[in-house]
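*Asks:* coordinates only, sequence not included:
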């Protein structure tokens, strides 16, 4: 990562750590104030559990709904580290629901969780190769030096990479690319304000719209695939085999949606921000000199690229038999055995708390389904929509997309799908809609976290560069939400029926 970016990120993390110092340092009053949302969430959950269960919901379902409300409040306000919420979900299932701890432990580990863990490990290995300058140079060689063309190239490359290895990884890889082009154009940030905005947003929006393209594009996709299998697949019924969505099938439905959105990214960015330089040829000349001084690509670089291609082929050809998670773990093992990455790097580079968070959220989602709580919420939501005439068809699709977009802008997209996925899938059944179609709409809409810095890891990473303001995300984000939602609904109505959905 660029030194200036790393320094800003370190300062940001340092301030966060300082705000969360131990109570003994800040005093008991400060501790209570910093954790106020934690206690508010617990109070809300306790109050909900004391209410009599509404019609159609038993006490177990009420407890699960209360746990979900507490989890959502903690996801949004984050008074404690998010992995703490995962641990609370585990404790709640054992203590409040009386589920055997061994059963809870088994529910935490699924192919989806293995896939998320393996993908994060692969991400560390890819970033370790430090190919950012070469990627930047290849982009400008492909697109030319016009700013608009470079934006298209950055969003395209970011998108293609993010669709396979995850947006947070690609954003971390591509941020130095944009910073290199910006700083080589001018070292005065005020003179490249517009240029920096279009280049940096090309990264995060390219990553966001592309993350929908494949199961490996984001944890939300793996979570939805896991829900389909858990909720609807029956080994004794051949008709339910369609709910075993493999890598290629997901790409068939979702990759074209990503490609259709991509040109609109550049159009919206150039309309919203006015770059000071229409051509960045001077930066390219400097970049070419730096590349030549570093010499040709090394053998380790080529081996790393080849190894990842092998993993990708495994996802495409064996995910239906071995599982996405098994292939991802296999890829991580290959990188470790060959020596392209050390375990110390993987151990420090993978956010294991994220793995735990998704595992606990999926486990809670399964309990929501089994208890009937998800179905009750789905029916209640449909009852609210029915008087408005939007309880089925395109109006319902749009309502679900808007609901998911609102949730995903307040928490991570993976957490958003984990929480509301069971609800929207049960809503599909109650409304007579295809669970596959509604599931795709839910997963794709969770990528529309364009409005806030915390919406996606990609947004957070580019914001750390120091060139963007929080208001920039709102100014351009609402345009992206409107266009992305419209394109999604059009794809669901016109394209998906042509390919069998």
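*Replies:* Sure thing, it's come through. Please read all numbers here as calculations on a predicted model, not as lab measurements.
*Asks:* going forward, measure contacts between C-alpha atoms and count neighbours the same way
*Replies:* OK.
*Asks:* so who does residue 373 touch?
*Replies:* The contact partners of residue 373, by Cα atoms under 8 Å, 6 or more residues apart in numbering, come to 57, 61, 62, 64, 65.
*Asks:* where does the stretch 1-150 of the chain dip in pLDDT?
*Replies:* Along the stretch 1-150 of the chain, the parts satisfying pLDDT under 70 run over 1-26, 123, 126-127, 129-136.
*Asks:* what does the stretch 251-400 of the chain give?
*Replies:* For the stretch 251-400 of the chain (pLDDT under 70), the answer is 294, 316, 319-320, 378.
*Asks:* Now go through the contacts of residue 373 and say which are in helices.
*Replies:* Counting by DSSP state H, the part of these found in helices is 61, 62, 64, 65.
*Asks:* separation between the last one and residue 400?
*Replies:* Going back to what we said before, that points to residue 65. 19 Å (Cα to Cα, to the nearest Å).
*Asks:* The second one now?
*Replies:* Counting by Cα to Cα, the gap from residue 62 to residue 400 is 23 Å.
*Asks:* who does the host helix or strand of residue 426 touch, helix- and strand-wise?
*Replies:* Using DSSP states H and E, residue 426 sits in helix 413-431. The criterion is 3 or more Cα pairs under 8 Å, 6 or more residues apart in numbering; DSSP states H and E, and the helices and strands that helix 413-431 contacts are helix 219-232, helix 352-371, helix 373-385, helix 393-408, helix 435-445.
*Asks:* mind checking which of those helices is nearest residue 206?
*Replies:* Proximity to residue 206 (Cα to Cα) singles out helix 435-445 among the helices and strands packed on helix 413-431, at 13.9 Å.
*Asks:* On the three-state scheme, the nearest residue to residue 399 once chain neighbours are set aside is what?
*Replies:* The spatially closest residue to residue 399, leaving aside those adjacent along the chain, is residue 390, at 7.6 Å (Cα to Cα, 6 or more residues apart in numbering). Three-state call for residue 390 (DSSP: H, G, I helix; E, B strand; the rest coil): coil.
*Asks:* what about the closest residue to residue 401 other than its chain neighbours, how many residues close to it?
*Replies:* In this structure, residue 401 finds its nearest non-sequential neighbour in residue 445, 5.4 Å apart by Cα to Cα, 6+ apart. Residue neighbour count, defined by other Cα atoms under 10 Å, stands at 28 for residue 445.
*Asks:* what about residue 398, distance to residue 490?
*Replies:* 10 Å.
*Asks:* And these two? Which one has more around it.
*Replies:* Taking other Cα under 10 Å, residue 398 and residue 490 do not tie; residue 398 has more neighbours (19 against 14).
*Asks:* Skipping adjacent residues, who's closest to the more buried one in space?
*Replies:* Leaving aside its sequence neighbours, residue 398 sits nearest to residue 489 (Cα to Cα, 6+ apart; 6.8 Å).
*Asks:* ok, residue 35 - contacts?
*Replies:* 79, 80.
*Asks:* Recalculate using a threshold of 7 Å.
*Replies:* Each residue near residue 35 by Cα atoms under 7 Å, 6 or more residues apart in numbering is listed here: residue 79.
*Asks:* Backbone dihedrals for it, please?
*Replies:* When quoted as degrees, to the nearest 10, the phi and psi of residue 35 stand at phi -100, psi 20.
*Asks:* Return the distance of it relative to residue 359.
*Replies:* For residue 35, the distance to residue 359 equals 24 Å [Cα to Cα].
*Asks:* Residue 165 now?
*Replies:* From residue 165 to residue 359 the distance is 19 Å (Cα to Cα).
*Asks:* now swap in residue 413 and tell me
*Replies:* Here the criterion is Cα to Cα. By it, residue 413 lies 14 Å from residue 359.
*Asks:* quick one, which of the two is more surrounded?
*Replies:* residue 413 (28 against 25).
*Asks:* most residues in a single helix of this structure, which one?
*Replies:* Ranked by number of residues, the top helix in the chain under DSSP H is helix 247-272.
*Asks:* Just checking the distance from that helix to the centre of its chain.
*Replies:* Averaging C-alpha positions (Cα atoms, centre = their mean, to the nearest Å) puts helix 247-272 15 Å from its chain's average.
*Asks:* next SSE after that helix?
*Replies:* helix 281-294.
*Asks:* on that earlier part again, most neighbours out of the ones in helices among the contacts of residue 373, which is it?
*Replies:* residue 64 leads these on contacts (other Cα under 10 Å) with 27 neighbours.
*Asks:* which residue packs closest to it, ignoring adjacent ones?
*Replies:* Nearest residue to residue 64, sequence neighbours excluded (Cα to Cα, 6+ apart): residue 368, at 6.4 Å.
*Asks:* The one you found: how many residues sit nearby?
*Replies:* Residue 368, neighbours per other Cα under 10 Å, totals 26.
*Asks:* ok, it touching residue 63?
*Replies:* No - taking contacts as Cα atoms under 7 Å, residue 368 lies outside contact range of residue 63: 9.8 Å.
*Asks:* before we move on, back to that, next, the angle from the longest helix of the chain to helix 219-232.
*Replies:* Angle between the axes of helix 247-272 and helix 219-232 is 140 degrees (criterion: axes from the mean of the first three to the mean of the last three Cα atoms, to 10 degrees).
*Asks:* okay, the angle between helix 247-272 and helix 435-445?
*Replies:* Angle, helix 247-272 to helix 435-445, by the same axes, to 10 degrees: 40 degrees.
*Asks:* Residue 391 and residue 381 touch, don't they?
*Replies:* No - in this structure, residue 391 is not within contact of residue 381 by Cα under 7 Å, at 8.9 Å.
*Asks:* From residue 256, how far out is residue 488?
*Replies:* Taking Cα to Cα as the measure, residue 488 falls 10 Å from residue 256.
*Asks:* These two: who's more crowded?
*Replies:* residue 488 (24 against 16).
*Asks:* Setting aside sequence neighbours, what's the nearest residue to that one?
*Replies:* In this structure, residue 488 finds its nearest non-sequential neighbour in residue 257, 6.8 Å apart by Cα to Cα, 6+ apart.
*Asks:* Tell me the spacing between that neighbour and residue 250.
*Replies:* Distance check for residue 257 against residue 250: by Cα to Cα, it reads 11 Å.
*Asks:* Residue 64 too?
*Replies:* For residue 64, the distance to residue 250 equals 30 Å [Cα to Cα].
*Asks:* ditto for residue 154
*Replies:* Note on residue 154: its distance to residue 250, by Cα to Cα, is 24 Å.
*Asks:* same question, residue 70
*Replies:* Using Cα to Cα, one gets 32 Å for the distance from residue 70 to residue 250.
*Asks:* out of these two, which sits in the more crowded spot?
*Replies:* Higher neighbour count among residue 70 and residue 250: residue 70, with 25 against 17, using other Cα under 10 Å.
*Asks:* just checking, that one touches residue 45?
*Replies:* Yes - counting by Cα under 7 Å, residue 70 does reach residue 45; the two are 5.7 Å apart.
*Asks:* Okay, the closest residue to residue 352 other than its chain neighbours and residue 345: tell me how far apart.
*Replies:* Residue nearest to residue 352 in three dimensions, not counting chain neighbours: residue 117, with 7.8 Å by Cα to Cα, 6+ apart. To residue 345, residue 117 is 14 Å away according to Cα to Cα.
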